[in-house]
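> please work out how this folds:
(2 chains)
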Amino acid sequence: MPEQKQRGRDHPASTEKPTEESTDTSTGRDDGRERLLNGLQPRVSRGQAVVGIVLAILGFLAVVQVQTINEDTEFAGTRREDLITLLDSLEGAGREARAEIAELQERRNALRSSTERRATAIEEARSQLEALQVLAGTVPARGPGISVTISDPLGEVSTTTLLNALQEMRNAGAESIEINNSVRVVAGTSFVDTAEGISVDGTTLTPPYVFEVIGPPETLEEAMTFRGGLTDEISGLGGEATISTEESIEISSLHTPESPQYAQPAD
Amino acid sequence: MIAALGLLLGVILGLVLQPDVPVGLQPYLPIAVVAALDAVFGALRAYLDGIFDDKVFTVSFFSNVLIAALIVYLGDQLGVGNQLSTGVIVVLGIRIFSNVAAIRRHLVHA
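Predicted structure coming up:
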């Protein structure tokens, strides 16, 4: 009704026109507080009930919205363009990660093969070292072979005889030789005739001479006993050579190596 | 008085029930809440002005919510969803501000 609308519009400072129709007849600025205090008193009317229901809806929606924001939606509410941008950036990151993986795998393979090569080289060097140690007489040795005992009652056995025996043994494949449990025979071992007897590498030996030889037992035995070989030679000198094959010969005498003073490696 | 109780009841129901909002409606719910707030503040100002009508308030409440949601939906379809929803929020905010200013003048006379 126009008069009431007019009365509702005499507020000079308001920029927004109130849109609600009026059922109340009182107007004026001071009545605002009165109306508020009136409204706070409990009063049952259709207006109050309707407003109550609508405000209930508002409260419910507001609380639900706050709860929805607080939970983890996992991109459920984001816009399409944002999702596409996110996907692009993730794909780019994935490509970079894959390239890095390939590069690291290559590097790992290279390192692995170089490590294997070095391990193989170390293994070869170690086995070579062991072989050379046995030959040089710096470590004790054990293995199958023969034991040769040369008795010399007439004192006729000389360095020549022993050297011949030695050569036959080496020819038959002897790898490690010990005499009288005291001297290790190596490449540079010397045999000298002295007044006291035969001196091997500076150690004087007295008969019987016991050779302990590690090598192929049958071949060594054959090398000692063939016709015209060591056994016949010793018999001719008045002595006796006895050969016995052993499954396990233990050679414990060691030879102290000396560094060469004159000879140098030629390469 | 009962109106205030109604608001309280709605808040308690929301906290207790904790419903899951369907994913399709999730972008529109905040807009709806702000539009409803605008209607409520307009109604409170009208009440203090002495020209409050509950029927008008109910219709304006629901129409505000519906129109705001429609505008945002249209914006999404056209591809300007972000901008339009920002615009709707800004306009609703301006109206809330002016209604609250009028309420303040009623109560505090300043």
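> secondary structure element holding A:Glu258?
A:Glu258 is located outside every helix and strand, with elements delineated by DSSP states H and E.
> can you give me phi and psi for it?
Backbone dihedrals for A:Glu258, given as degrees, to the nearest 10, come out at phi -120, psi 140.
> what residues are up against A:Leu163?
A:Phe191 (C-beta atoms under 8 Å, 6 or more residues apart in numbering or on different chains). Using the backbone N, CA and C atoms, a C-beta is placed for each residue, glycine as well.
> and it, how close does it get to A:Met169?
To A:Met169, A:Leu163 is 11 Å away according to C-beta to C-beta, to the nearest Å.
> equivalent analysis for A:Asp31, please.
Distance from A:Asp31 to A:Met169, counting by C-beta to C-beta: 137 Å.
> these two - which one has more neighbours?
More crowded of A:Asp31 and A:Met169, by other C-beta atoms under 10 Å in any protein chain shown: A:Met169, with 24 against 16.
> does the closest residue to that one other than its chain neighbours belong to a helix or a strand, and which?
Nearest residue to A:Met169, sequence neighbours excluded (C-beta to C-beta, 6 or more residues apart in numbering or on different chains): A:Val213, at 5.3 Å. Using DSSP H and E, the element containing A:Val213 is strand A:209-214.
> pairing partners for that strand, with directions?
Within its sheet, strand A:209-214 is paired with strand A:141-151 (antiparallel), strand A:176-179 (antiparallel), according to DSSP bridges.
> shared neighbours of A:Leu163 and A:Met169, anything?
Residues touching both A:Leu163 and A:Met169 (C-beta under 8 Å, 6+ apart): there are none.
> re the thing from before, after the strand holding A:Val213 comes which helix or strand?
By DSSP H and E, the next helix or strand past strand A:209-214 is helix A:217-225.
> tell me which other helices or strands that following helix touches.
strand A:141-151, helix A:159-171, helix A:230-236, strand A:240-251 (3 or more C-beta pairs under 8 Å, 6 or more residues apart in numbering or on different chains; DSSP states H and E).
> counting by contacts, list what the third one packs against.
When contacts are defined as 3+ C-beta pairs under 8 Å, 6+ apart, helix A:230-236 sits against strand A:141-151, helix A:159-171, helix A:217-225, strand A:240-251.
> okay, and the beta partners of A:Val183?
Beta-bridge partners for A:Val183, by DSSP bridges, are A:Ile179.
> so who does it touch?
Residues in contact with A:Val183 (C-beta under 8 Å, 6+ apart) are A:189, A:200-201, A:203, A:205, A:253.
> ChimeraX command for the buried members of those?
Buried residues among the contacts of A:Val183 (16 or more other C-beta atoms under 10 Å in any protein chain shown), as a ChimeraX selection:
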select /A:189,200,201,205,253
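> which one of the contacts of A:Val183 is nearest chain B?
A:Ser253 (92.1 Å; C-beta to the nearest C-beta).
> what's the longest helix in the chain?
In the absence of a named chain, this looks at chain A. When chain A is parsed with DSSP state H, its longest helix is helix A:80-136.
> not what I meant, chain B
Chain B, longest helix under DSSP H: helix B:81-108.
> how about A:Gln67, nearest residue that isn't a chain neighbour?
Leaving out its chain neighbours, the residue that sits closest to A:Gln67 by C-beta to C-beta, 6+ apart is B:Gln18, at 6.1 Å.
> give me the neighbour count for the one you found.
With other C-beta under 10 Å as criterion, B:Gln18 counts 12.
> please tell me how far it sits from B:Ser60.
29 Å.
> next: A:Gly236.
Applying C-beta to C-beta, the value for A:Gly236 to B:Ser60 is 142 Å.
> more neighbours, the two?
Applying other C-beta under 10 Å to A:Gly236 and B:Ser60 shows that B:Ser60 carries more neighbours, namely 21 against 11.
> now do the SS call for the more buried one.
The three-state label given to B:Ser60 by DSSP: H, G, I helix; E, B strand; the rest coil is helix.
> what's around the nearest residue in space to it that is not next to it in sequence, how many residues?
Counting by C-beta to C-beta, 6+ apart, B:Ala39 is the residue found nearest to B:Ser60 once chain neighbours are left out, at 5.0 Å. As a burial measure, B:Ala39 scores 27 neighbours (other C-beta under 10 Å).
> surely B:Ala39 and B:Val59 touch.
No: taking contacts as C-beta atoms under 8 Å, B:Ala39 lies outside contact range of B:Val59: 9.3 Å.
> residues touching stretch B:18-32, excluding its own?
By C-beta under 8 Å, 6+ apart, stretch B:18-32 touches A:61, A:64-65, A:67-69, A:73, A:76-77, B:65, B:68-69, B:72-73, B:76, B:81, B:85, B:88-89.
> how far does stretch A:139-147 sit from the chain's center?
Offset of stretch A:139-147 from its chain centre (C-alpha atoms, centre = their mean, to the nearest Å): 38 Å.
> what's it in contact with?
Outside stretch A:139-147, the residues that reach it (C-beta under 8 Å, 6+ apart) are A:130, A:133-134, A:174-176, A:210-217, A:220-221, A:224, A:243-252, A:254.
> drop anything exposed from those.
For those, a neighbour count by 16+ other C-beta under 10 Å gives the buried set as A:134, A:174-176, A:210-217, A:220-221, A:224, A:243, A:249, A:251, A:254.
> which residues are in contact with the residue nearest to A:Thr231 when sequence neighbours are not counted?
Distances taken as C-beta to C-beta, 6+ apart place A:Ala241 nearest to A:Thr231, at 4.7 Å, with adjacent residues excluded. Shown in contact with A:Ala241 (C-beta under 8 Å, 6+ apart): A:148-151, A:224, A:230-231, A:234-235.
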